[in-house]
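**Q** A structural model of the following input is requested.
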Amino acid sequence: MIIQLKPSVTPAEKENILQRIKSLDYKTTQVTTQKGTYIVGIGKKEFDVRQLGHMSGIADIHRVSDEYKLVSRKWKVNRSHIDLGDEVIVGEGTLSIMAGPCSIENEEQVQQTINHLVSNNVRIMRGGVFKPRSSPYAFRGMGVDGLMMWHNSARKSGIKIISEVMQVSQIEAMYDFVDIFQVGARNTQNFNLLDELGRVDKPVMIKRGISGTIDELLHSAEYVFSAGNEKLMLCERGIRTYEKASRNTLDINAIPILKEKTHLPVIADPSHGIGIREYVEPIALAAVMAGADGIIYETHQKPEEAASDGQQTLNFEESEQLITKLRKTFELRARF
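**A** Below you'll find the predicted structure:
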């Protein structure tokens, strides 16, 4: 169960609530986030919630049977929205478009991409400064210096930044220069990293693991929420299957399933989901029709010259066409 405490709850009231829950043979965990204070109760004994509901300091009580409690939709009537400031909001009722190169390479590339996004009214730019690569000899990013350069250019144009954090030691250095921390597929079950991201007041997008299940993705999000950070979104980016015709298999099924299971925004990544440039557009449009709250994809002025993932990266003309079609598809979905 989840017990929401009133903002005005006193220490004495909270202690009385904790002792009453423990008397029911429930293990308690206190969670304080940017938006509220909760007590998560874990136990098997059936009881009448009215035994607790009358206690002072309690705002509401919810029964949640899922193992992941706080990210479950079973206790939250309204879906979560993430406000990035400057009227940039991610969540139900909006279609967030996040686009940019796989890797941040240089200042000219950054400015070209920003100009492309601004001309198409896209407010969030993706890009990697720390790149997890299969080969140790491949380009592995510009690091914090590249992020600072990118941040300076983006801020001048009102562009928000989403970038991947790979380890705990990078969080502090990146904090002032990103608007969304991205947890990549390889780190979805890096629980030390997830715990630390739960202690920061910045949105976090968690990508599904390479061979991860939907429930495993939700458990990863629970780590961040339970550590104190409610500003979460989930990303379906394709899973590894036996199919060799594409880089991964984008699980379109996961989008409506996640929308049913969780109150968190759901984003789709067609670039990594299929890994082949000419198929990114139809997969992205399918994801929108399936209910995605946003699309994150890769674009570069000259994909054939990109430092990484050029084979799945759209050029600016293709990107502009996709943006137009994404918005039209979202309008079509809204009619149903």
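**Q** which stretches of the protein have low pLDDT?
**A** Filtered on pLDDT under 70, the chain yields the residue ranges 131-140.
**Q** may I have the phi/psi pair for residue 89?
**A** Main-chain torsions, residue 89, degrees, to the nearest 10: phi -130, psi 140.
**Q** that one - how many residues pack around it?
**A** Using other CB atoms under 10 Å, residue 89 has 16 other residues around it. From N, CA and C alone the C-beta is placed, and that goes for glycine too.
**Q** any idea how far it is from residue 96?
**A** Here residue 89 is placed at a distance of 8 Å from residue 96 (CB to CB, to the nearest Å).
**Q** next, find the distance separating residue 107 from residue 295.
**A** From residue 107 to residue 295 the distance is 26 Å (CB to CB).
**Q** more neighbours, these two?
**A** Between residue 107 and residue 295, counting by other CB under 10 Å, residue 295 is the more crowded of the two (26 against 13).
**Q** and the helix or strand hosting the more buried one, how far from the chain's centre?
**A** Using DSSP states H and E, residue 295 sits in strand 294-298. Centre-to-centre, strand 294-298 and its host chain are 12 Å apart (CA atoms, centre = their mean, to the nearest Å).
**Q** same question, stretch 164-175
**A** 16 Å.
**Q** repeat for stretch 23-38
**A** Put simply, stretch 23-38 sits 23 Å off its chain's centre (CA atoms, centre = their mean).
**Q** over to stretch 107-124?
**A** 22 Å.
**Q** before we move on, what about stretch 14-27?
**A** In terms of CA atoms, centre = their mean, the centre of stretch 14-27 is found 33 Å from the chain centre.
**Q** now do stretch 162-178
**A** 15 Å.
**Q** now stretch 322-336
**A** With CA atoms, centre = their mean, you get 21 Å for stretch 322-336.
**Q** now what about that stretch, what contacts it?
**A** 95, 97, 99, 120, 122, 280-281, 284-285, 288-289, 291, 295, 297, 314 (CB atoms under 8 Å, 6 or more residues apart in numbering).
**Q** mind listing what's buried in it?
**A** By 16 or more other CB atoms under 10 Å, the buried positions in stretch 322-336 come out as 322-323, 326, 329-330.
**Q** any idea which element residue 223 lies in?
**A** Per DSSP H and E: residue 223 is located in helix 214-226.
**Q** now the strands for this protein?
**A** With strands called from DSSP state E, the chain shows them at 2-5, 27-32, 37-42, 58-62, 81-83, 89-91, 96-100, 124-126, 160-164, 180-183, 204-207, 232-236, 266-268, 294-298.
**Q** mind checking those for the one nearest to residue 247?
**A** Of all the strands of the chain, it is strand 294-298 that lies closest to residue 247, at 12.1 Å by CB to CB.
**Q** CA-only coordinates of that closest one in PDB, if you can.
**A** Extracted in PDB, the C-alpha atoms of strand 294-298 (Å, rounded to 0.1, in the frame of the first residue of the first chain):
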ATOM      1  CA  GLY A 294       7.200  11.500 -27.100                       C
ATOM      2  CA  ILE A 295       9.700  10.400 -29.700                       C
ATOM      3  CA  ILE A 296      13.500  10.600 -29.400                       C
ATOM      4  CA  TYR A 297      15.500  10.100 -32.500                       C
ATOM      5  CA  GLU A 298      18.900  10.800 -34.100                       C
END
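**Q** quick one: distance of stretch 248-259 to the chain centre.
**A** That offset, for stretch 248-259, works out to 14 Å (CA atoms, centre = their mean).
**Q** show me the contact partners of it.
**A** 208, 210, 214, 217-218, 234, 236-241, 243, 264, 266, 268-270, 272-275, 283, 286-287, 290-292.
**Q** cool, stretch 106-122 as well?
**A** 97-101, 104, 123, 125, 127, 149-150, 153-154, 157-159, 299-301, 316, 319-320, 323.
**Q** show me the contacts for residue 66.
**A** 72, 74, 218, 261.
**Q** ok, of those, which come out buried?
**A** Buried members of these, scored by 16+ other CB under 10 Å, are 72, 218, 261.
**Q** nearest residue to residue 45 in space, please, no chain neighbours.
**A** residue 25 (5.2 Å; CB to CB, 6 or more residues apart in numbering).
**Q** so the one you found sits right up against residue 47, yeah?
**A** No - contact criterion CB atoms under 8 Å: residue 25 and residue 47 do not qualify, at 9.4 Å.
**Q** what's the spacing between the residue nearest to residue 281 when sequence neighbours are not counted and residue 64?
**A** Nearest-residue entry for residue 281: residue 322, 5.2 Å, with adjacent residues in sequence omitted and distances by CB to CB, 6+ apart. According to CB to CB, residue 322 and residue 64 sit 38 Å apart.
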